[in-house]
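# any chance you could fold what I've pasted below:
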Amino acid sequence: MDSMRFDLTDLRLFLLVVEAGSITHGAAQANLALPSASARLRGMEEIIGLPLLERSRRGVLPTPAGETLAHHARLVLLQIEQMRGELGEYSTGLKTHIRLWANTAAMTEFLPAALAPFLASRPNVYVNLKERSSVEIVKAVSSGAADIGIVSDAIDRGSLQLSPFAVDRLVLVVPKDSPLAAHRRIAFRDIVEHDFVGLSAGSPLQDYLCEHAERAGHPLSFRVRMRTFEGVCQMVEHSVGIGIVPEAAAGKCRRSMAIRSIRLADNWATRHLALCVRQDEALPPHARDLVQQLTNPGAAANK
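As a prediction, the model looks like this:
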């Protein structure tokens, strides 16, 4: 064990592979060629004398030894980020990275306006932003794979601290001339049998809607799936189907499209979004600043 030495590149690579569930994707995120990354991983296993990853056709998973290494690698890299952040107070040349994971609504509707002034005032801060479901985000923040998460506050957050961030209301969008346009509010169960325009497969918001459709006893039927809320609304305008998007997105699209938005009567359609972190004192300085900015947008660039 005295000869057990890994450099920071090894530790970052291993964490990226574990988080991606793929050596290929982890190597790409680490900016390493696949043969070089594979050689580094084999070297780590040889040093420890135990397998760190279970390999299969579907990808890779950490072994118990790999889980232990991942835990300590996160601690080491967190210390490095804290050091960079604190030294960054004295030097303008050091870069610091913040890992922020958010659900679909936060990512598209609320974060751009909040992040822009923060990053504009801190040229050496880089944000690694990922779109994930609330369940995945809680796991990532709890394990140290993410510094900050934005989730629905209805999720089981475990020991994480939550701070209010935004209110996300989901609305039904329909063509202006649709019979449904006469409604001011409508229950989800009354529309599940219609043809829908959905978001791309794998979208956390679309997965959320599909779960509620399953509970209502009628899986959604999609005529087409789009990558953006604007794309969904464009299809709805041409009577391809109906769609469900955040109220803020529908409001923007109504300015230029012949659509109507109708509030959903279901309680789950109004989601209170919250920031989640492990402990404020465990965050690097710039990550703490970002938490303050996101929970208090009026303090845009005071630092």
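# alpha carbons only for contacts and neighbour counts from here, please
Noted.
# tell me if I'm right that residue 164 and residue 276 touch.
No. Checked against C-alpha atoms under 8 Å, the pair residue 164 and residue 276 is beyond contact range at 9.1 Å.
# more neighbours: these two, which one.
The neighbour comparison of residue 164 against residue 276 (other C-alpha atoms under 10 Å) goes to residue 276, with 27 against 17.
# ok, and the closest non-adjacent residue to that one?
residue 162 (4.6 Å; C-alpha to C-alpha, 6 or more residues apart in numbering).
# the helix or strand where residue 260 lies packs against which elements?
In this assignment (DSSP states H and E), residue 260 forms part of strand 259-264. Here strand 259-264 touches strand 161-175, strand 185-186, helix 229-237, helix 247-254, going by 3 or more C-alpha pairs under 8 Å, 6 or more residues apart in numbering; DSSP states H and E.
# mind running it again at 6 Å?
Counting contacts by 3 or more C-alpha pairs under 6 Å, 6 or more residues apart in numbering; DSSP states H and E, strand 259-264 is packed against strand 161-175, strand 185-186.
# what's the angle between whatever helix or strand comes next after that strand and strand 161-175?
Using DSSP H and E, the helix or strand that follows strand 259-264 towards the C-terminus is strand 270-277. In terms of direction (axes from the mean of the first three to the mean of the last three C-alpha atoms, to 10 degrees), strand 270-277 departs from strand 161-175 by 150 degrees.
# low pLDDT regions in the stretch 1-150 of the chain?
Within the stretch 1-150 of the chain, the stretches with pLDDT under 70 are 1-4, 82, 84-94.
# tally of neighbours for the residue nearest to residue 276?
Residue 162 has 18 nearby residues by other C-alpha under 10 Å.
# my read is residue 44 is in a helix, agree?
Yes. Checked against DSSP: H, G, I helix; E, B strand; the rest coil, residue 44 lies within a helix.
# residue 64 and residue 71, how far apart?
The gap separating residue 64 from residue 71 is 11 Å, by C-alpha to C-alpha, to the nearest Å.
# let me fix that: residue 247
Taking C-alpha to C-alpha as the measure, residue 247 falls 39 Å from residue 71.
# and if you look at residue 237?
Distance from residue 237 to residue 71, by C-alpha to C-alpha: 49 Å.
# so which of those two has more stuff around it?
Ranked by neighbour count (other C-alpha under 10 Å), residue 237 and residue 71 place residue 237 first, with 23 against 15.
# what's stretch 18-35 in contact with?
Outside stretch 18-35, the residues within contact range by C-alpha atoms under 6 Å, 6 or more residues apart in numbering are 13, 16-17, 37, 59-60.
# how does it look with 7 Å?
13, 16-17, 37, 59-62 (C-alpha atoms under 7 Å, 6 or more residues apart in numbering).
# kindly report the same for stretch 120-132.
92, 94-104, 107, 119, 204, 301.
# please apply the same query to stretch 163-173.
Here stretch 163-173 makes contact (C-alpha under 7 Å, 6+ apart) with 105, 242-247, 259-264, 269-276, 294-295.
# where's residue 197, which helix or strand?
Using DSSP H and E, residue 197 maps to strand 195-199.
# which helix in this protein runs the most residues?
In the chain, with assignment by DSSP state H, the single longest helix is helix 64-87.
# which strands and helices sit next to that helix?
strand 96-102, helix 285-295 (3 or more C-alpha pairs under 7 Å, 6 or more residues apart in numbering; DSSP states H and E).
# dump those to CSV, plus distance to residue 46 and mean neighbour count.
Below are the helices and strands packed on helix 64-87 laid out as CSV (distance: least, C-alpha to C-alpha, whole Å; neighbours: other C-alpha atoms under 10 Å):
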stretch, distance to residue 46, mean neighbour count
strand 96-102, 30, 23
helix 285-295, 36, 20
